[in-house]
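**Student:** coords please:
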Amino acid sequence: EVQLVESGGGLVQAGGSLRLSCAASGFAFSDYVIAWFRQAPGKEREGVSCITKNGNTIYADSVKGRFTISRDNAKNTVTLQMNNLKPEDTGIYYCAAVREIHTILVIPSSHAYDYWGQGTQVTVSS
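**Tutor:** The predicted model follows:
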């Protein structure tokens, strides 16, 4: 059974930090691009960051310099370190996986993914 399980969300004040984790099982994790998306109430789901199977990283402009994505292929986990959080970072954060079959230059759109997690809530208060 394929699973992506997010953890680490919570409530934090603006300027604070959170560390999200995505634990994967049931598929060949090391062959997949793993991405983080977020969705705020009333807004479309947007890509935040992704990491390729070789560890190349891509970030949305809104989080560059504040968020860091990393992966551990031995543990089948991806981590999103979020620093200097802003109220506009509030939303449900999802991890998603898509098999990497060509070079990734941008965060693949949400329609591209094979698997999704259930999400974890991040709330940043002002």
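**Student:** Can you tell me the closest non-neighbouring residue to the one residue sitting closest to the centre of the chain?
**Tutor:** Residue closest to the average C-alpha location in the chain (C-alpha atoms, centre = their mean): residue 36, at 1.9 Å. Spatial nearest neighbour of residue 36, excluding adjacent residues (C-beta to C-beta, 6 or more residues apart in numbering): residue 48 at 4.5 Å. C-beta here means a position set from N, CA and C on the backbone, and glycine is covered the same way.
**Student:** The nearest residue to residue 112 once chain neighbours are set aside: neighbour count?
**Tutor:** Of all residues not flanking residue 112 in the chain, residue 98 sits nearest, at 5.1 Å (C-beta to C-beta, 6+ apart). Neighbourhood size, residue 98 [other C-beta atoms under 10 Å]: 18.
**Student:** pLDDT on whichever strand or helix holds residue 50, on average?
**Tutor:** For residue 50, the host element (DSSP states H and E) is strand 46-51. Computed over strand 46-51, the mean pLDDT rounds to 98.
**Student:** partners of the next helix or strand along the chain from it in the sheet?
**Tutor:** Downstream of strand 46-51, the first helix or strand assigned by DSSP H and E is strand 57-59. Note on strand 57-59: by DSSP bridges, its sheet partners are strand 46-51 (antiparallel).
**Student:** what comes up buried for the strand it pairs with?
**Tutor:** Across strand 46-51, burial judged by 16 or more other C-beta atoms under 10 Å covers 47-51.
**Student:** So what touches that strand?
**Tutor:** With contact meaning C-beta atoms under 8 Å, 6 or more residues apart in numbering, strand 46-51 is reached by 33-39, 57-60, 63, 67, 69-71, 78, 80, 93, 104, 107-110.
**Student:** out of the residues you listed, which are buried?
**Tutor:** 33-38, 58-60, 63, 67, 69, 71, 78, 80, 93, 104, 107-108, 110.
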